[in-house]
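Participant: Fold the following for me, if possible:
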Amino acid sequence: MADRPEPAAWSDRIMEPLAAPLVAVAATLVLFGAFMALAGHNPLEVYRLMGVGAFGSWFSCQNTLQRAAPLLLTALCTALPARMGLVIIGGEGAFVIGGLAAMAAGLPLVDAGLPPLVIQAVMALAGMAAGGALIATAGALRHWRGVNETISSLLLSSIAIAVMNQLVEGVMRDPTSLNKPSTRALPDPDMLGTMPGMDVHVGLAAGLVVCVATWLLMTRTTFGFAVRLVGGNLRAARLVGLPVGPMIVIVTALAGACAGLAGMVEVAAVQARANANIVAGYGVSGILVAFLARQNPLAVIPVAVILGGIGASGGLLQRRLDLPDAVVLVLQGILFVALLAGEGLPRWSEFRARIVR
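Facilitator: Now for the predicted structure:
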């Protein structure tokens, strides 16, 4: 009969991925609470209102899910390459260029009178292709030229945003958009609809499906095993003959495609056009979601909902406590710094071993 695992082994498996995020969240609550107290507000009342603003009513829940929908996909832009040991932070650029490419591909089809489903499918493919090409470039530069992927993805993101501004203010500009240069609007019949019984667009369902699909890909397939091998020991991966370069390009392209799809959803379900409004910080927030989820595509789902709820609560804090709507960004910033600082803490197994001694 096989020996049963010791209780300590079970606790290590559960707490190892959760310890650092939990410590970061606890530290953030204390620091942000102190910040609110110094500003003359009761921290407990602030947190209560945040809970009400995020999940206190059906309307609040739908607002939370609406904000969480793009985070599901932009988080994967960081989480998937991280499985290979790559730190990609260019999700904002892939999001923006995906939305721009979707509009560039969709508007001519609208003029041609094609059915909405065809237009939406082509827009999705165009957004995914543009976002995937952007992030795959960072992966290719990392493998074949030795360029740091963190720096290159950030610079590529800045280039993508500049390209969007240039095209929207130039050849793609709608002459009727005076104060804010924009592309032509997508007609209402061609917009993405809402989920049954909800006022949340179908981009939420797409994000959930992609998160589950990528989790299955990374944890239940030989390709996912190979990706984890490359991330865990690059030299061993090369020794066993894995095509490291093509794999890096494939994973980064898949990651960028997720963010590009999020950009397509933003323009096809929310904005109806491409302009400066699509630079909304979803790519940056996705980095935080990925780190809190420990690069696990399945864990991205609850984390994105929580971060979406924090963003949705900003309006209530502004109305009730006269706080700036952007105060929730302070909370997110503290959380991100605390999470990065927590990476330097001892692993849970090491911490438990010290206590046992």
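Participant: which intervals of the stretch 251-357 of the chain have sub-threshold pLDDT?
Facilitator: Within the stretch 251-357 of the chain, the segments meeting pLDDT under 70 span 343-357.
Participant: State the helix or strand in which Met247 lies.
Facilitator: Secondary structure assignment for Met247, by DSSP states H and E: helix 244-265.
Participant: And the lengthiest helix in the chain, what does it pack against?
Facilitator: In the chain, with assignment by DSSP state H, the single longest helix is helix 116-145. Helix 116-145 is packed against helix 58-82, helix 91-112, helix 149-168, helix 244-265, with contacts defined by 3 or more Cβ pairs under 8 Å, 6 or more residues apart in numbering; DSSP states H and E. In this view, the C-beta of every residue, glycine as well, is placed from N, C-alpha and C.
Participant: in the second one, what's buried?
Facilitator: Of the residues in helix 91-112, those scored as buried under the neighbour-count criterion (16 or more other Cβ atoms under 10 Å) are 91-107, 109-110.
Participant: Packing partners of it?
Facilitator: By 3+ Cβ pairs under 8 Å, 6+ apart, helix 91-112 packs against helix 58-82, helix 116-145, helix 149-168, helix 244-265, helix 282-292.
Participant: Also the last one?
Facilitator: Under the contact definition 3+ Cβ pairs under 8 Å, 6+ apart, helix 244-265 sits against helix 58-82, helix 91-112, helix 116-145, helix 203-219, helix 222-232, helix 234-239, helix 282-292.
Participant: Least confident of those, on average?
Facilitator: Mean pLDDT per stretch puts helix 234-239 lowest among the helices and strands packed on helix 244-265, at a mean of 87.
Participant: Would you mind pulling the contact partners of that one?
Facilitator: For helix 234-239, contacts defined as Cβ atoms under 8 Å, 6 or more residues apart in numbering pick out Gly85, Ala226, Leu229, Val230, Val244.
Participant: about what we covered before: let's have the helices and strands packed on helix 116-145 in a markdown table, adding distance to Asp199.
Facilitator: Shown next, in a markdown table, are the helices and strands packed on helix 116-145 (distance: least, Cβ to Cβ, whole Å):
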| stretch | distance to Asp199 |
| --- | --- |
| helix 58-82 | 5 |
| helix 91-112 | 21 |
| helix 149-168 | 28 |
| helix 244-265 | 15 |
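Participant: wait, which of those helices is closest to Val305?
Facilitator: helix 58-82 (4.7 Å; Cβ to Cβ).
Participant: Distance to Val337 for the helices and strands packed on helix 91-112 - can I get that in JSON lines?
Facilitator: Listed next are the helices and strands packed on helix 91-112 as JSON lines, based on distance: least, Cβ to Cβ, whole Å:
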{"stretch": "helix 58-82", "distance to Val337": "17"}
{"stretch": "helix 116-145", "distance to Val337": "24"}
{"stretch": "helix 149-168", "distance to Val337": "17"}
{"stretch": "helix 244-265", "distance to Val337": "23"}
{"stretch": "helix 282-292", "distance to Val337": "10"}
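Participant: Relative to Gly193, which of those is closest?
Facilitator: That would be helix 116-145 among those, by Cβ to Cβ, at 9.1 Å.
Participant: Same question for the closest one: list its buried residues.
Facilitator: Applying 16+ other Cβ under 10 Å to helix 116-145 flags 116, 119-120, 122-143 as buried.
Participant: One more: stretch 57-74?
Facilitator: 60-74.
Participant: repeat for stretch 214-230
Facilitator: In terms of neighbour count (16+ other Cβ under 10 Å), stretch 214-230 has its buried residues at Thr214, Trp215, Leu217, Met218, Gly224, Ala226, Val227, Arg228, Leu229, Val230.
Participant: now those residues as CSV including distance to Ala160?
Facilitator: Below are the buried residues of stretch 214-230 laid out as CSV (distance: Cβ to Cβ, whole Å):
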residue, distance to Ala160
Thr214, 22
Trp215, 27
Leu217, 26
Met218, 26
Gly224, 28
Ala226, 29
Val227, 25
Arg228, 29
Leu229, 31
Val230, 26
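Participant: need the contact list for the nearest residue to Trp144 once chain neighbours are set aside.
Facilitator: Leaving aside its sequence neighbours, Trp144 sits nearest to Gly245 (Cβ to Cβ, 6 or more residues apart in numbering; 6.5 Å). Applying Cβ under 8 Å, 6+ apart to Gly245 gives the contacts Ala140, His143, Trp144.
Participant: isn't the first one right up against Val249?
Facilitator: In other words, Ala140. Yes. Between Ala140 and Val249 there is a contact under Cβ atoms under 8 Å: 5.5 Å.
Participant: what is the orientation angle of the helix holding Met247 with helix 149-168?
Facilitator: 40 degrees (axes from the mean of the first three to the mean of the last three Cα atoms, to 10 degrees).
Participant: buried stuff in helix 244-265?
Facilitator: In helix 244-265, counting by 16+ other Cβ under 10 Å, buried: 244, 247-265.
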